[in-house]
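> Please work out how this folds:
(2 chains)
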Amino acid sequence: SQQGEEDPQALSIQEGENATMNCSYKTSINNLQWYRQNSGRGLVHLILIRSNEREKHSGRLRVTLDTSKKSSSLLITASRAADTASYFCATDLISGNTPLVFGKGTRLSVIA
Amino acid sequence: GAGVSQTPSNKVTEKGKYVELRCDPISGHTALYWYRQSLGQGPEFLIYFQGTGAADDSGLPNDRFFAVRPEGSVSTLKIQRTERGDSAVYLCASSLKGSMNTGELFFGEGSRLTVL
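Numbering: from 1, shown residues only, chains lettered A, B, ... in the order given. Model prediction:
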């Protein structure tokens, strides 16, 4: 079963706009990660946020985590055509020694 | 190489045949993971190795699937009597940390399996 669910399933924006993707999960987690996947390629790690953190930045990426709502958001600012990809959240459970569980992903299209 | 290497990149086989998919993790990474990804879906966990042993194989769908990592480095995912429903991209990942908790996973490009 999938722990994380991304929303929206697909998002299309113009270059220069901001893109926001959300992830909701069901049970308490140890940490939450975001990955990116270009079409036909493997996944690439973007950022990890721990359960005791609320916000984290990396370049044009901003991730928030609200453990009370069991949700996270990924914001990409000033989007570029090269940001076009699928974005997945992944969680591991607080119970420990569990596999990283991925959501179904958000397909982002950035139009130049 | 510097990254996770998977071979073959593409495999087309007939229903009922046996298939092996290989993963060469990043040197020094003790943890190795196999995931399966169907079109439009996220990666689905299959099995996790810590060193040579399978620490968690709860994601293997049935006994036609088996994976080994005899020397704690390269891993092979083996699928017997393939079925059309096995068609997917099989992703391998490795990580430095000894536990499945925390830590970044480094993924290979995947092996696309098509069962006719």
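
> Any residues of chain A in contact with chain B? List them.
Within chain A, the positions adjacent to chain B are A:2, A:4, A:30-31, A:33, A:35, A:41-45, A:48, A:50, A:88, A:90, A:92, A:96-105 by C-beta under 8 Å from any C-beta of the partner chain. For every residue, glycine as well, the C-beta is placed using N, CA and C.

> give me the number of residues near residue 86?
All of this refers to chain A. Burial of A:Ser86 is recorded as 22 neighbouring residues (other C-beta atoms under 10 Å in any protein chain shown).

> Oops, wrong one, chain B.
Summarising burial for B:Asp86: neighbours were counted as other C-beta under 10 Å, giving 19.

> any idea how far it is from B:Arg64?
Shown here: B:Asp86 relative to B:Arg64, a distance of 8 Å by C-beta to C-beta, to the nearest Å.

> Find residues that contact each of those two.
Here B:Asp86 and B:Arg64 share the contacting residues B:Ile79, scored by C-beta atoms under 8 Å, 6 or more residues apart in numbering or on different chains.

> And the lowest-mean-pLDDT helix or strand in chain A, how far out from the chain middle?
Evaluated with mean pLDDT, DSSP states H and E, the helix-and-strand set of chain A has its lowest mean pLDDT in strand A:5-7, which scores a mean of 84. For strand A:5-7, the distance between its averaged C-alpha position and the chain's averaged C-alpha position is 9 Å (C-alpha atoms, centre = their mean, to the nearest Å).

> got it, and stretch B:5-15?
Using C-alpha atoms, centre = their mean, the distance from the centre of stretch B:5-15 to the centre of the chain it belongs to is 12 Å.

> Equivalent analysis for stretch A:20-37, please.
6 Å.

> how long is it from one end to the other?
Using C-alpha to C-alpha, to the nearest Å, the gap from the first to the last residue of stretch A:20-37 comes to 16 Å.

> Give me the buried stretch members for that stretch, please.
When neighbours are counted by 16 or more other C-beta atoms under 10 Å in any protein chain shown, the buried residues of stretch A:20-37 are found to be A:20-21, A:23-25, A:29-37.

> sorry, back to before: would you show me how to pick out the buried ones of the residues of chain A next to chain B in PyMOL?
Under the burial definition 16+ other C-beta under 10 Å, those of those that qualify are selected in PyMOL by:
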select buried, chain A and resi 2+4+30+31+33+35+42+43+45+48+88+90+92+98+99+100+101+102+103+104+105
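
> Which of the residues of chain A next to chain B fall within strands?
A:30-31, A:33, A:35, A:43-45, A:48, A:50, A:88, A:90, A:92, A:101-102 (DSSP state E).

> Turn those into CSV, including pLDDT.
Written out in CSV, the entries for these read as follows (pLDDT from 0 to 100):
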residue, pLDDT
A:Asn30, 85
A:Asn31, 89
A:Gln33, 94
A:Tyr35, 97
A:Leu43, 96
A:Val44, 96
A:His45, 96
A:Leu48, 93
A:Arg50, 91
A:Phe88, 96
A:Ala90, 93
A:Asp92, 83
A:Val101, 89
A:Phe102, 92
